[in-house]
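> Okay, predicted coordinates and the sequence, questions at the end:
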Amino acid sequence: MALDNVETLECTLCGATYDPEQVIYTCPNHEGVAGILEVKYDYDVVDDQFDEPLDGNIPNQWKYRAFLPVDTDATPVTLDEGGTPLLDAPRLSDALDVTVRIKNDGQNPTGCFKDRATSIAVTKARHAGRDVVTCASTGNAAASLAGYAARGGLDCRIFVPAAAPDGKLVQPRVYGADVLAVEGSYDEAYDLSLDVTDSYGWYNRNAAINPFQIEGKRTVGHELAEQTQDEIPDWIVFSMGDGCTIAGCWKGFREFAELGYVDDTPKMLGVQPTGASAIHDAFHEYDDIDTVADTLADAVAVGRPRNTLKACRALEESGGTALTVTDEEILHAETLLGRTEGVYAEPAGAAPIAGIREARERGIIAADESVVAVVTGIGLKDTAGAKRAVGPVTEIAPSLDDVEATYGPVPDPSPDTRPTR
């Protein structure tokens with residue numbers, strides 16, 4: 001095996017280092033999962049190995065294999081994740097009074113951003129000879145891991161909170177995974193997944209502790225750096241749950257800047273629901289931090305984020321900040337994004353839009369700045385949330401009279417618009 005682009009795994013708390021070739025999740029010098037590990041690279045090797053043109057043609061995230069902590073002789077388990085589009089959003093920009101572009105990661109193979117990390121996890125698990133992969137999830141990671149486990153020929157066992165949306169629990173079962181609904185919160189499902197990992201030796205994909213997961217997520221930073229190299233945005237906006245995603249994007253974008261591939265870096269804006277605001281509260285040094293998540297945005301309903309340190313570091317290093325929005329503002333953002341740009345996002349994926357509006361109102365984002373909002377999941381993941389936003393359908397009889405009652409009398413058609421049969 002050869003992992004020559006990686007120097008070591010380093011504890012974010014005490015600086016202890018570990019062999020990156022081994023399967024290790026957290027630093028054993030600390031109780032619980034406090035000792036989160038950081039992958040440290042040899043960027044001379046990375047730069048030497050990376051010979052892809054930065055021409056905006058991104059077939060999938062494996063274009064950046066030189067940056068990924070995967071053995072050179074490992075065969076990737078991939079469904080062509082990454083390479084998602086960056087869309088201009090003129091009508092949304094008008095509504096928010098700032099220039100916005102949309103990075104639509106709901107177009108990943110299983111419908112969410114997590115596929116970037118999962119491809120790395122399953123590749124490493126299979127290369128290490130593991131037969132079973134597991135994780136805790138509110139739904140998206142479960143579906144993602146199940147899909148990639150099927151692709152890689154591995155068994156998959158998922159732990160989810162019993163309140164996870166039904167739609168998100170069907171998808172992993174279609175992929176053949178065992179889905180275990182835990183009577184409790186996401187945090188309780190998470191703790192149980194750690195217990196079974198220790199007991200059974202299954203490979204754990206949990207992005208908050210598996211040090212290699214955030215490395216897959218950082219490919220969105222590489223992609224955005226490449227896609228915006230001629231017009232680096234002032235801000236990139238993410239919703240935050242465990243904190244891995246925004247930290248990964250910042251690391252990837254910063255790497256491209258430090259290697260001289262792009263000229264500048266954006267500020268990061270992290271958005272959390274008011275009912276699940278632990279990273280926001282830690283960043284702003286609040287004393288009273290609630291550990292119980294209560295939000296309809298289930299993908300970020302995390303009461304005890306494990307990657308708070310990395311997320312806060314990304315916000316601080318980039319010169320960015322964090323803010324909160326209400327569930328009602330998230331639902332409004334979901335419909336605003338849909339009706340202005342035709343992008344259907346789940347609540348967590350729409351939260352950045354609500355965050356941009358809040359940031360404009362508070363003067364955090366200026367009218368002359370540019371913004372990229374990352375939509376992390378497709379709306380089909382949580383249709384129940386969308387129903388709350390749009391209300392019921394209008395029921396009518398199969399009669400033109402009922403249509404006229406809704407829209408007014410049928411107008412007399414002009415000669416050039418009259419249909420022919």
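Happy to help now that I have it. Numbering: from 1, shown residues only.
> Run through the strands of the stretch 251-400 of the chain in chain order.
Counting by DSSP state E, counting those that start in this stretch, residue ranges of the strands within the stretch 251-400 of the chain are 267-273, 321-325, 370-375.
> for the last one, packing partners?
The helices and strands touching strand 370-375, judged by 3 or more Cβ pairs under 8 Å, 6 or more residues apart in numbering; DSSP states H and E, are strand 99-104, strand 235-239, helix 347-361. C-betas here are computed from N, CA, C, even on glycine.
> and what of the first one?
Contacts of strand 267-273 with other secondary structure elements, assessed using 3+ Cβ pairs under 8 Å, 6+ apart, are made with strand 235-239, helix 244-258, helix 278-283, helix 308-318, strand 321-325, helix 347-361.
> what are the C-alpha coordinates of it, in PDB please?
C-alpha atoms of strand 267-273 as PDB (Å, rounded to 0.1, in the frame of the first residue of the first chain):
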ATOM      1  CA  LYS A 267     -15.300  34.100   3.700                       C
ATOM      2  CA  MET A 268     -17.300  31.200   5.100                       C
ATOM      3  CA  LEU A 269     -20.800  31.800   6.500                       C
ATOM      4  CA  GLY A 270     -22.300  29.000   8.600                       C
ATOM      5  CA  VAL A 271     -26.000  28.800   9.100                       C
ATOM      6  CA  GLN A 272     -27.800  26.800  11.800                       C
ATOM      7  CA  PRO A 273     -31.500  26.600  12.900                       C
END
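> got the contact list for the worst-scoring helix or strand of the chain on mean pLDDT?
Least confident helix or strand, the chain: helix 383-390 with a mean of 83, by mean pLDDT, DSSP states H and E. Where contact means Cβ atoms under 8 Å, 6 or more residues apart in numbering, the residues beyond helix 383-390 that reach it are 165-167, 296-297, 331-332, 334-335, 344, 346-347, 379.
> which residues touch whatever helix or strand comes next after that helix?
For helix 383-390, the following helix or strand on the C-terminal side (DSSP states H and E) is helix 400-407. Here helix 400-407 makes contact (Cβ under 8 Å, 6+ apart) with Thr394, Ile396, Val410.
> among these, who's most crowded?
Ile396 (12 neighbours; other Cβ atoms under 10 Å).
> list the contacts for that residue?
Per Cβ under 8 Å, 6+ apart, neighbours of Ile396: Asp402, Val403, Ala405, Thr406.
> let's go with 7 Å and repeat that
Asp402, Val403, Thr406 (Cβ atoms under 7 Å, 6 or more residues apart in numbering).
> Tell me how many other residues crowd the last one.
Burial of Thr406, expressed as a neighbour count using other Cβ under 10 Å, amounts to 9.
> So for it, what's the pLDDT?
We note a pLDDT of 89 for Thr406 in this prediction.
> I'd like to know how far Asp368 sits from Gly56.
Using Cβ to Cβ, to the nearest Å, Asp368 is found at 25 Å from Gly56.
> Settle it for me: which of those two has more neighbours?
Gly56 (12 against 8).
> Chain neighbours aside, what residue packs nearest to Asn5?
Using Cβ to Cβ, 6 or more residues apart in numbering and skipping residues adjacent in sequence, the residue nearest Asn5 is Val45, 4.7 Å away.
> The one you found and Leu3 touch, don't they?
No: with contacts counted by Cβ atoms under 7 Å, Val45 stays clear of Leu3, the gap being 10.2 Å.
> Settle it for me: which of these two has more neighbours?
Between Val45 and Leu3, counting by other Cβ under 10 Å, Leu3 is the more crowded of the two (17 against 14).
> That one is in contact with Glu21, isn't it?
Yes: with contact defined as Cβ under 7 Å, Leu3 reaches Glu21; the gap is 5.9 Å.
> got any ranges where the stretch 201-350 of the chain has weak pLDDT?
Residue ranges of the stretch 201-350 of the chain with pLDDT under 70: 287-290.
> try it again with 90
Applying pLDDT under 90 to the stretch 201-350 of the chain picks out residues 206-209, 285-293, 298-299, 301-304, 306-307.
> same question, the stretch 1-150 of the chain
1-2, 22-23, 31-34, 137-140, 142.
> rewinding a little: select, out of the helices and strands packed on strand 370-375, the one closest to Ala117.
Among the helices and strands packed on strand 370-375, the nearest to Ala117 by Cβ to Cβ is strand 235-239 (14.1 Å).
> wait, isn't Asp115 in contact with Asp105?
No: the pair Asp115 / Asp105 is not scored as a contact, 8.3 Å apart, by Cβ under 7 Å.
> Among these two, which residue is more densely surrounded?
Asp115 (30 against 26).
> From Ala278, how far off is that one?
Counting by Cβ to Cβ, the gap from Asp115 to Ala278 is 25 Å.
> so how many other residues sit close to Asp73?
So Asp73, with other Cβ under 10 Å, has 9 neighbours.
> Please apply the same query to the one 3 residues further on.
The number of residues packed around Pro76, counting by other Cβ under 10 Å, is 18.
> May I ask which helix or strand encompasses it?
Using DSSP H and E, no helix or strand contains Pro76.
> Apart from its neighbours in sequence, what residue is nearest it?
Thr123 (5.2 Å).
> do Val375 as well
Nearest to Val375 is Gly349, by Cβ to Cβ, 6+ apart, at 4.2 Å.
> rewinding a little: which elements pack onto the helix or strand containing the residue nearest to Asn5?
Assigned by DSSP H and E, Val45 belongs to helix 43-49. For helix 43-49, not one helix or strand is in contact under the criterion 3 or more Cβ pairs under 7 Å, 6 or more residues apart in numbering; DSSP states H and E.
> List the buried residues of that helix.
Neighbour-count burial for helix 43-49 flags Val46, Asp47 (criterion: 16 or more other Cβ atoms under 10 Å).
> Can you name the residues in contact with the helix or strand following that helix?
From helix 43-49 onward toward the C-terminus, using DSSP H and E, the following helix or strand is strand 86-88. With Cβ under 7 Å, 6+ apart as the test, strand 86-88 has contacts from Arg101, Ile102, Lys103, Asn104, Gln227, Glu341.
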